[in-house]
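S.K.: Fold the following and give me the result.
(chains A and B)
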Amino acid sequence: MVEDVLRVIDLRAEFRSARGPVKAVDGVSFSLQPGRTLALVGESGSGKSATALAIPRLLPDPPGRVTGGQVLLRGRDLLELDPDEMPRVRGREIAMVFQEPASALNPVMTVGDQVAESVRTHRRPGGPVRAAVIEALARAGVPAPEKRLRQYPHELSGGLKQRVLIAIALACGPSVLIADEPTTALDVTVQARILDLLAYLGRRLGLALLLITHDLGVVARTAERVAVMYAGRVVETAPVGRFFRSPLHPYSRGLLEAARMTRDDTGSFRVIDGAVPDLADLPSGCRFHPRCAVARLRAACAGPPPPAREAGPGHTVECWYPGEAAVGRAWAGCARAPAGPRPAAAEVNSRSAGL
Amino acid sequence: MLSFVARRLVEAVPVLLAVSIVTFGLLYLVPGDPVKTLVGERASPETIANIRRELGLDLPVHERYLGWLGKVLKGDLGRSWLTGRPVAESLAARFPVTARLALTAFAVSVLVGLGLGVYSATRQNTVADHLVRTALLLVGAVPIFVMATAAMYLFGVKLRVLPVSGLGDGSFVYFVLPGTVLGLYLSIYQARMTRSVMLEVIRQDYIRTARAKGLPERVVTWRHAFRNALVTVITLLGGSLSHLLVGSVLTETIFNLPGIGRFTVDAAYARDLPAVMGCFLFQAVVFVVANVLVDIGYAAADPRVRLG
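M.R.: Just a heads-up that it's a prediction; the model follows:
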């Protein structure tokens, strides 16, 4: 068994709001191994990005705040560190790539300077910075890196900007890379290339990669393991193969059906009825039960929240009735239900229909 | 970058030409007869007609304008009707005073205003932030002449560390007090604007990228956030500087400094036409040049501007 580089244990984070604390991350646990990719999947508002930002302690405070849990980087709890010590962890040990390459680069600094900053901050002085910068850009697949040094972000395409951000992230040889929807803002053709690059670099550099996405196509393409997040909790964790073959949580199954664009017997696309619950006012019991077809006629789902169960090797699920079929015709019914002006479909990219 | 500067300079020419026409035209429309002001109400019509001819006031408008413009371009702004001295000479004597006052005040305002703005923004909604903002509001509520008098009394009379007023030998110490008082008032707006722009910039994705790189907070604030905020703040700075260079009447008057501001006001009261026109034109040129400099500053601060 490969050793864990990063273990997140029972992480909790909330945002203060006028309506009380919004529990964006509510007891999330997972671990990352070198050279492996874990995909964190979920709808908008499920707490994926808050989890990603809480790990290197980049959650904007206020209004955000980590309220509990541990983030163990090689056994050392980052949440216990002095805030002044975090800059030495960020970039050097945990690097990040964000969703919007267009706004993630400083518009008034040259590409070269921005990569060099990363190199300089974490290196012993005296080394040839320029060479390291060019090497970092080349490794991230930036064509003609020497020419890019003096260019500004507005002179680059979206895909190229994301490559520059990857170069910045990897310039100092981190052991963990957190990529928060790194391809969402890019063209489809560019998406695939960036993902392949991340997967390739992850394997070659032995990176532990946390890939946050709402796109199951991305998961299938890049990850070894998948964790499904719903309303601040990880409801199912499984190896990718098992997950696509036999998802156990009704929410995971709903996501997959929506992604496959399955039609029900009336010809409508199957979607998950309803919307992500208000994180300041969560339903009792299992958070998914008000939207769940399986839970329709089962009182247990509204009772105490389901504990995590082992469902196979590396496969855990938080559900009272994992893998069970919907009661009666509930599935079909829920897809047809005219809830609101437009059924709030699980935000699953329809491009990933080829699963 | 060089072609950008050249283009801005060329673009300034028609602006200046328009300014010269407006200056000339405005004064043509001003009520009251300057000749009568000059010679007094009781002068005979012949005297008035003679003086009119002497001053060239009997010629048609366009001839007067072109004649005036031709001289202006040669640096001749005419002679003051009041003192008979060349206006250009008077301006040249007074501009260094105004310039020194302006630069001192500007330096003070930038240091205090931008410094406090950044300080306040990085500590948003803390006690320090509220204290800074309240203090600035209080200073702004006190009229400048009250503040100036208090400062003169404290530093000039009580502590005797700075000259109270006047130009003295023109050395820097005579500008410390007026420059600081004037700069303090300007800094209020600069601090407010810097704070709000910084707050906006700090929320940008690239600031998160900078933090994710592992840069210390100090570097994130100054190298990343402040440089981007500067792009916006430069507009205000340019405006401040050009206003200062045009002369600060109140400050010049309170501290008894013979600068451009007082000269303009005195000339206007005396209906000293050539002096007023000279002042206006000079101030317009200063304004336009300052704006060109701001544009160049923009381009230096923000690479995206250089394209436009």
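S.K.: only C-alpha atoms for contact and neighbour calcs from this point on.
M.R.: Noted.
S.K.: Give me the helices and strands touching the host helix or strand of A:Leu53, please.
M.R.: Per DSSP states H and E, A:Leu53 falls inside helix A:48-54. Here helix A:48-54 touches strand A:6-15, strand A:22-32, strand A:176-180, strand A:208-213, going by 3 or more Cα pairs under 8 Å, 6 or more residues apart in numbering or on different chains; DSSP states H and E.
S.K.: so which of the ones you listed comes closest to chain B?
M.R.: strand A:176-180 (10.3 Å; Cα to the nearest Cα).
S.K.: What distance do you get for the closest residue in space to A:Thr183 that isn't next to it in sequence to A:Thr222?
M.R.: If the residues on either side of it in the chain are set aside, A:Thr183 comes closest to A:Gln191, at 5.1 Å by Cα to Cα, 6 or more residues apart in numbering or on different chains. For A:Gln191, the distance to A:Thr222 equals 12 Å [Cα to Cα, to the nearest Å].
S.K.: Now the terminal residues of stretch A:28-36, how far apart.
M.R.: Using Cα to Cα, the two ends of stretch A:28-36 sit 19 Å apart.
S.K.: Report pLDDT for the residue nearest to A:Thr183.
M.R.: For A:Gln191, the pLDDT comes out at 86.
S.K.: repeat for B:Thr180
M.R.: 93.
S.K.: now do A:Arg74
M.R.: pLDDT recorded at A:Arg74 is 88.
S.K.: And for B:Ile260?
M.R.: 91.
S.K.: Show me the shaky parts of chain B.
M.R.: Residue ranges of chain B with pLDDT under 70: B:26-27, B:30-32, B:34, B:37, B:306-308.
S.K.: How about the residues of it by chain A?
M.R.: With Cα under 8 Å from any Cα of the partner chain as the criterion, chain B meets chain A at residues B:204-209, B:211-216, B:224, B:227-228, B:301-304.
S.K.: Kindly recompute the last result at 7 Å.
M.R.: Residues of chain B lying close to chain A (Cα under 7 Å from any Cα of the partner chain) are B:205-206, B:209, B:212-216, B:224, B:228, B:301-303.
S.K.: Just those: which are in helices?
M.R.: Among those, the members falling in helices (DSSP state H) are B:Asp205, B:Tyr206, B:Thr209, B:Ala212, B:Asn228, B:Ala301.
S.K.: Next, the angle from the next helix or strand after the helix holding A:Leu53 to strand A:176-180.
M.R.: From helix A:48-54 onward toward the C-terminus, using DSSP H and E, the following helix or strand is strand A:64-73. Inter-element angle recorded for strand A:64-73 and strand A:176-180: 150 degrees (by axes from the mean of the first three to the mean of the last three Cα atoms, to 10 degrees).
S.K.: Which residues does strand A:64-73 contact?
M.R.: Here strand A:64-73 makes contact (Cα atoms under 7 Å, 6 or more residues apart in numbering or on different chains) with A:5-16, A:54-55, A:59, A:77-79.
S.K.: now do stretch B:243-253
M.R.: Against stretch B:243-253 from outside (Cα under 7 Å, 6+ apart): B:Thr98, B:Ala99, B:Ala102, B:Pro178, B:Leu182, B:Pro258, B:Gly259, B:Ile260, B:Gly261, B:Arg262, B:Gln283, B:Val286.
S.K.: burial count for the fourth one?
M.R.: Residues near B:Pro178, counting by other Cα atoms under 10 Å in any protein chain shown, number 27.
S.K.: who's in contact with it?
M.R.: B:Thr251, B:Phe255.
S.K.: repeat for the third one
M.R.: Applying Cα under 7 Å, 6+ apart, one finds that B:Ala102 lies in contact with B:Leu244, B:Leu245.
S.K.: again, only this time at 8 Å
M.R.: B:Gly179, B:Leu241, B:Leu244, B:Leu245, B:Gly247 (Cα atoms under 8 Å, 6 or more residues apart in numbering or on different chains).
S.K.: Likewise for the first one?
M.R.: By Cα under 8 Å, 6+ apart, the residues touching B:Thr98 are B:Leu244, B:Leu245, B:Val246, B:Gly247, B:Ser248, B:Pro258, B:Gly259, B:Ile260, B:Gly261.
S.K.: repeat that with 10 Å
M.R.: B:104, B:175, B:244-249, B:252, B:257-262 (Cα atoms under 10 Å, 6 or more residues apart in numbering or on different chains).
S.K.: since we're on the closest residue to B:Val220 other than its chain neighbours, how many residues are nearby?
M.R.: Nearest residue to B:Val220 in three dimensions, chain neighbours excluded: B:Ala210, at 6.2 Å (Cα to Cα, 6+ apart). B:Ala210 has 27 neighbouring residues, counting by other Cα under 10 Å.
S.K.: how many neighbours does residue 12 have?
M.R.: Since no chain was named, I'll use chain A. Residues near A:Arg12, counting by other Cα under 10 Å, number 23.
S.K.: Chain B, not that one
M.R.: 16.
S.K.: before we move on, back to that, name the pair among the contacts of B:Thr98 with the greatest separation in space.
M.R.: The distance between the two most remote of the contacts of B:Thr98 (Cα to Cα) is 18.0 Å, for B:Thr104 and B:Arg262.
S.K.: mind listing which of the contacts of B:Thr98 are in helices?
M.R.: B:Thr104, B:Phe175, B:Leu244, B:Leu245, B:Val249, B:Glu252, B:Ile260, B:Gly261, B:Arg262.
S.K.: Dump these into TSV; add neighbour count as well.
M.R.: TSV is the format used below for the ones in helices among the contacts of B:Thr98 (neighbours: other Cα atoms under 10 Å in any protein chain shown):
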residue	neighbour count
B:Thr104	21
B:Phe175	27
B:Leu244	25
B:Leu245	25
B:Val249	19
B:Glu252	23
B:Ile260	28
B:Gly261	24
B:Arg262	21
